[in-house]
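Kindly return the folded structure for what I paste below:
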Amino acid sequence: NNTIYFPKSITINGEGTYNFNYDSEETGGFPPYGTHAVDAWGYYNGSSENMARQFLANGLSYNDTTLAETVNGSYRYSNHTYASKGMLVKVSYPTGGYTEIEYEPHSVGAQVLRGYNTQYRPELESLSSLQTGGLRVRSITNYPEKDAAGRTTTYSYTITGGNSSGILLSQPRYGVKYRAKGGSFEGYVEYYSLHDIYQYAGTHIEYSQVTEILPDRSKNIFRYTTWHDYPDNFIETDPMSLPRLVFNSDMTIGSLVVYSITTAPSLVRNILTPVVSMQTMRGQLKSQTILDSSNTKVSERTWVIRPNVSSSAERLAILGEYYSFIPNELYAVEQMSSAETLIYPDNHVTSTIYNHYNNRGQISCSRKALSNGEEEITTYLYPQDLLSKAICATMTEKNMLDYPISVCTYRKNSASDSTQTSGTRYTYA
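Numbers count the residues shown, from 1 in each chain. As a prediction, the model looks like this:
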């Protein structure tokens, strides 16, 4: 058991006190700090605290030909009962009302695999269903006041056919074993870790579709970009070996030796090559569909985005005794357009907004086609557009360059005629 401190209440002047409740806060059973009793994705699973020693001693085995890794035993199994400990489950309001939150385990219908069949390059594989570590929100119930009936909003993560829309982005790999030689040595080199050697940055799971079911049974269906749309880049590199210090038989210090791989060098190379993550482009909203309580479509909105490389460099990646330099590109997400379609019994009405960006990745202009044939144009002015003005220096000093100074809207009647309909100028203290 471990003492965990939770924020139990917040008092806001003029509003009152908000109280918070957490899973297992009364019964305890929390893991000690730095626990190794976690599943494959780092969530507490309640396994024995001497798991670390057992896992390294008995939990891993390797195929000498394919270099495939097998995780033995249940050391890294997920257990959502233990993972739920400490989760926020209730918020009570000064008005007497409260909100309850219910969770459920993550599940996926596809996973990104790096196995022998793909020569350890990442590829997407469909699944019937697989439960993974971590939790997602199942329902949120709001009670307007004490003893009042609750109104529940539930969330579904399935697609047509009932399979999960989730994609598991990484199956951890904990070590590697291969033959090598260097100096007078020739034999197996192996090393292990308690954690994923790939050190994948970001979340381990993504959902392409989430359906929000409101208390009146109407629905919001949200669709997001995932690995399907922006898969991670895998750029083959030749990892370079760090020299090893060899000790003589009498335990005196010998020489530095660089080992060379003798077992399936291309497989070892791919195992030791990290991916270049495209997760910045994923999780972006692609569309929203609204259905009424009879499941009839009412409206739909779509968004079109594109990646814009904001910076590009190489980063050093170290895996075991090998290192390599891989591209490290940072992307800015640009929303190129959005379209909204309202659906009536006799017709559909669609309005589309197109965005234009400056060379700093900021929206400089948006254009909306109106139903009467006219066009509504909104322009944005930023501090860096006024380099000679004092306001640019002031906002640069305050690191507020992404805030607009003014926003103006025009209605364009013809190719040469436009009328300003509104304008806003901002000041920042």
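
K412 and E376 touch, don't they?
Yes: when contacts are counted by C-beta atoms under 8 Å, K412 is listed as touching E376 (7.5 Å). Any C-beta I mention is one placed from the backbone N, CA and C, and that applies to glycine too.

which secondary structure elements does the helix or strand hosting R367 contact?
If you go by DSSP states H and E, R367 is part of strand 363-369. Judged by 3 or more C-beta pairs under 8 Å, 6 or more residues apart in numbering; DSSP states H and E, the packing partners of strand 363-369 are strand 348-357, strand 375-381.

Worst mean pLDDT among those?
In terms of average pLDDT, strand 348-357 trails the rest of the helices and strands packed on strand 363-369, at a mean of 86.

what residues does that one touch?
Strand 348-357 is contacted by residues 308, 334-342, 363-371 when judged by C-beta atoms under 8 Å, 6 or more residues apart in numbering.

got the CA positions of the strand holding R367 in PDB?
Backbone C-alpha positions of strand 363-369 (Å, rounded to 0.1, in the frame of the first residue of the first chain) are rendered in PDB as follows:
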ATOM      1  CA  ILE A 363      -4.500  31.500 -40.900                       C
ATOM      2  CA  SER A 364      -4.200  34.700 -43.000                       C
ATOM      3  CA  CYS A 365      -7.500  34.500 -44.800                       C
ATOM      4  CA  SER A 366     -10.700  32.400 -44.800                       C
ATOM      5  CA  ARG A 367     -13.300  32.400 -47.500                       C
ATOM      6  CA  LYS A 368     -16.900  31.200 -47.200                       C
ATOM      7  CA  ALA A 369     -19.300  30.800 -50.200                       C
END
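
how big is the angle separating that strand from strand 348-357?
160 degrees (axes from the mean of the first three to the mean of the last three C-alpha atoms, to 10 degrees).

Please name the strands paired to strand 363-369 in the sheet, noting orientation.
strand 348-357 (antiparallel), strand 375-381 (antiparallel) (DSSP bridges).

I'd like the average pLDDT over the helix or strand that comes right after the shortest one.
If you walk from strand 375-381 toward the C-terminus, the next helix or strand you reach (DSSP H and E) is helix 390-397. When pLDDT is averaged over helix 390-397, the result is 82.

For helix 390-397, what is the distance to the chain centroid?
Taking C-alpha atoms, centre = their mean, to the nearest Å, the mean C-alpha location of helix 390-397 is offset from the chain mean by 34 Å.

And for stretch 157-170?
For stretch 157-170, the distance to the chain centre is 15 Å (C-alpha atoms, centre = their mean).

circling back: quick one, which of the strands paired with strand 363-369 is packed in tightest?
strand 375-381 (a mean of 17; mean count of other C-beta atoms under 10 Å).

Out of the strands paired with strand 363-369, flag the one nearest E100.
Minimum separation from E100 across those (C-beta to C-beta) falls at strand 348-357, 38.1 Å.

How far does that closest one sit from its chain's centre?
28 Å.

Can you list the low-confidence ranges for the stretch 51-200 of the chain?
199-200 (pLDDT under 70).

Tell me the residue in this protein that is farthest from the middle.
Computed with C-alpha atoms, centre = their mean, the residue of the chain farthest from its C-alpha average is D250, at 51.7 Å.

And that one, which helix or strand is it part of?
Going by DSSP H and E, D250 is not part of any helix or strand.

Which pLDDT does the model give the nearest residue to S47 once chain neighbours are set aside?
In space, and not counting its chain neighbours, S47 is closest to A37: 4.5 Å by C-beta to C-beta, 6 or more residues apart in numbering. Here, the pLDDT recorded for A37 equals 87.

which residues touch A37?
Contacts of A37 (C-beta under 8 Å, 6+ apart): 31, 44-49, 51.

same check, this time on W303
284-287, 335, 337-338.

what about it, helix or strand, and which?
strand 297-319.

same thing with A149?
Judged by DSSP H and E, A149 forms part of no helix or strand.

Now do the helices in the stretch 1-150 of the chain.
51-58, 80-83 (DSSP state H, counting those that start in this stretch).

Just tell me which of those helices ends up closest to Y5.
Nearest of the helices of the stretch 1-150 of the chain (C-beta to C-beta): helix 80-83, 19.2 Å.

could the helices and strands packed on strand 363-369 be laid out in JSON lines, adding distance to Y77?
As requested, the helices and strands packed on strand 363-369 are exported to JSON lines (distance: least, C-beta to C-beta, whole Å):
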{"stretch": "strand 348-357", "distance to Y77": "46"}
{"stretch": "strand 375-381", "distance to Y77": "51"}
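
To E145, which of the ones you listed lies closest?
Taking the helices and strands packed on strand 363-369 one by one with C-beta to C-beta, strand 348-357 is closest: 40.2 Å.

Output the closest one as PDB, restricted to C-alpha atoms.
Extracted C-alpha coordinates of strand 348-357, given in PDB (Å, rounded to 0.1, in the frame of the first residue of the first chain):
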ATOM      1  CA  HIS A 348     -29.300  19.500 -48.700                       C
ATOM      2  CA  VAL A 349     -27.600  22.900 -48.100                       C
ATOM      3  CA  THR A 350     -23.800  22.900 -47.900                       C
ATOM      4  CA  SER A 351     -21.500  25.800 -47.000                       C
ATOM      5  CA  THR A 352     -17.700  25.500 -47.300                       C
ATOM      6  CA  ILE A 353     -15.000  27.500 -45.700                       C
ATOM      7  CA  TYR A 354     -11.500  27.600 -47.300                       C
ATOM      8  CA  ASN A 355      -8.500  28.600 -45.200                       C
ATOM      9  CA  HIS A 356      -5.200  30.200 -46.400                       C
ATOM     10  CA  TYR A 357      -2.000  30.300 -44.400                       C
END
